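S.K.: Okay, predicted coordinates and the sequence, questions at the end:
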Protein chains: 2
Amino acid sequence: MSSRLRLPLPPSAQHDPFKVSCSTCALRQVCLPTGLPAAEVVQLERLVSDRHAVARGAVLFKTGDVFEAIYIVRTGFFKTSTSAEDGRDQVTGFHMAGELLGLDGIYDGAYASQAVALEDSQVCVVPYGRLEDLTREFDRLRRQFHRLMSRELVRDQAMMVLLGSMRAEQRVAAFLINLMRRLRARGFSSSSVVLRMTRDEIGSHLGLTLETVSRTFSRMQEDGVLEVRARELRVLKPRQLLQLVRRAA
Amino acid sequence: MSSRLRLPLPPSAQHDPFKVSCSTCALRQVCLPTGLPAAEVVQLERLVSDRHAVARGAVLFKTGDVFEAIYIVRTGFFKTSTSAEDGRDQVTGFHMAGELLGLDGIYDGAYASQAVALEDSQVCVVPYGRLEDLTREFDRLRRQFHRLMSRELVRDQAMMVLLGSMRAEQRVAAFLINLMRRLRARGFSSSSVVLRMTRDEIGSHLGLTLETVSRTFSRMQEDGVLEVRARELRVLKPRQLLQLVRRAA
DNA sequence: CGCGTCCTTGAACCTTTTCAATTCAGGTGG
DNA sequence: CCACCTGAATTGAAAAGGTTCAAGGACGCG
């Protein structure tokens, strides 16, 4: 009934779990190789030789770790968070299949954030030095890489608007809409989800307390917009949810 | 007595205002060519052939404009803001000499934000298509470009933490510290500034109302941390200002 | 099946916003 | 050169939204 946050792997990958094949990967429409010519995808495949399993709760990289690779979520679900020196900790994002992790490490050679798996996951490992080299030769790959970095900037801007000018209800609505849209782009139901994160993590991401998130879910349920049972969530009135966001502060 | 947000131009530029010379530019330590070998700087100079004056209040680019170039602030001061369809508008950043504008346009070929000059300014125009080409050949330039994009991501994360978990006083303190640090990196006084933006614009950037910004300035003045007279601002106790940020929520 | 973690809900409190009234500063024109 | 005028900034008081503190309940994992 509800979406499971795991994509079926293509036959080739199922048979040989260590072989990476971007060309046949189910994610190729939402991943780094999107739109690249076959020749460049092949190059990328050779680069992304390694795959890595990350158990639920395990840390993929943490703040200050030497930056050596970018990761692409293959299956599963991650959260990234910053940890300021004064213990201030904030979830900066949730990441699902096809999304890149670790781009913030390019700047000074150390990751600026921490990535933790929220369910048993797999990532593709993209050694950064070799990616850099590859972007020299391959124009389309280089441009795609730049586009993805830029997309992150656009997303961050949207997040700033959310944090800077939206009320609790709007933030939660915007969060859910964003989540469902990304799930839909991956072929999942756009009405049902099993959340992989706690209310606390959602709150941290949205600049709210876990109590406010919980209350907001409850209110949306009373209003008939959502059906909430613990982590199981169902959007009953998508249009009304959209209205909640659009409504000016 | 107070810093003026304008750097003296090198003699060569003063004599021929249309000739761009990164090699001799006063900004080369805080700009795109930072750390590049001379040969690559020369290439960059040839690329950045155009300079552009932007009068106070004028729009450099706006949301939806076709993305053709990245801009680098040469003199003056800019704000960037997003304008959501529902009229929700937020200042996403303030930008001074040496800082890049427009990177958010790479993603889909249209700027995602708007840039407005807050004082009479000049920008260097970097045609993006040609920059892309140049990054193919020149390894250091390409890496530097990636580093700068990544730095934006790191900054955005810091901004999210500010917006998501700091109280008004902490936000204002963090804003001032950040501003003064950037001014100092450009050779200005790190204690005095004439702000180029209104309380409203500061508030929009920090997720606060203009009244709260004003009250916070007043309180800091009462506490002897700042001296505020309209847009003229002086930091009297930098360490105390730092303490304000570090103090957990 | 029990324990721990997560979630929900209530009530009081606090910060920030909102609304409103002055005050101030800077630029313009007489 | 000064008076005026307009946008910006300050300040106060009331209201709202969210947090904090606290207690109880549900769920899932071992």
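M.R.: Arrived safely.
S.K.: Which residue lies nearest the spatial centre of chain A?
M.R.: Geometric centre of chain A, nearest residue: residue A:95, 1.6 Å, by C-alpha atoms, centre = their mean.
S.K.: is the residue nearest to that one when sequence neighbours are not counted in a bridge, and if so with what?
M.R.: Among residues not flanking residue A:95 along the chain, residue A:78 sits closest, at 4.4 Å (C-beta to C-beta, 6 or more residues apart in numbering or on different chains). For glycine as for every other residue, the C-beta is placed from the backbone atoms N, C-alpha and C. Using DSSP bridges, the bridge partners assigned to residue A:78 are residue A:95, residue A:117.
S.K.: what are the phi and psi values for the closest residue to residue A:93 other than its chain neighbours?
M.R.: Leaving aside its sequence neighbours, residue A:93 sits nearest to residue A:80 (C-beta to C-beta, 6+ apart; 4.9 Å). Torsion angles at residue A:80 (phi, psi; degrees, to the nearest 10) stand at phi -110, psi 150.
S.K.: same thing with residue A:171?
M.R.: phi -60, psi -50.
S.K.: tally of neighbours for it?
M.R.: 24 (other C-beta atoms under 10 Å in any protein chain shown).
S.K.: what's the closest non-adjacent residue to it?
M.R.: Using C-beta to C-beta, 6+ apart, the nearest residue to residue A:171 is residue A:206, at 4.5 Å.
S.K.: who's in contact with that neighbour?
M.R.: Contacts here follow C-beta atoms under 8 Å, 6 or more residues apart in numbering or on different chains; on that basis residue A:206 touches A:162, A:163, A:168, A:171, A:172, A:175, A:213, B:164.
S.K.: Do I have it right that the first one meets residue A:174?
M.R.: Yes. Taking contacts as C-beta atoms under 8 Å, residue A:162 lies within contact range of residue A:174: 5.5 Å.
S.K.: The two: which is more packed in?
M.R.: Shown here are residue A:162 and residue A:174; by other C-beta under 10 Å, residue A:162 has more neighbours (24 against 21).
S.K.: Next one: the nearest residue to residue A:223 once chain neighbours are set aside from chain B, what distance?
M.R.: Nearest residue to residue A:223, sequence neighbours excluded (C-beta to C-beta, 6+ apart): residue A:240, at 7.6 Å. To chain B, residue A:240 is 16 Å away according to C-beta to the nearest C-beta, to the nearest Å.
S.K.: Relative to residue A:45, how far out is residue A:240?
M.R.: Distance from residue A:240 to residue A:45, counting by C-beta to C-beta, to the nearest Å: 44 Å.
S.K.: who has more neighbours, the two?
M.R.: It is residue A:45, of residue A:240 and residue A:45, that has more neighbours when counted by other C-beta under 10 Å, with 18 against 15.
S.K.: how about the nearest residue to the more buried one, chain neighbours excluded?
M.R.: For residue A:45, the closest residue by C-beta to C-beta, 6+ apart turns out to be residue A:22, at 4.8 Å.
S.K.: do residue A:76 as well
M.R.: residue A:121 is the one closest to residue A:76 (C-beta to C-beta, 6+ apart), at 2.3 Å.
S.K.: can you count the residues close to the one you found?
M.R.: For residue A:121, using other C-beta under 10 Å, the count is 28.
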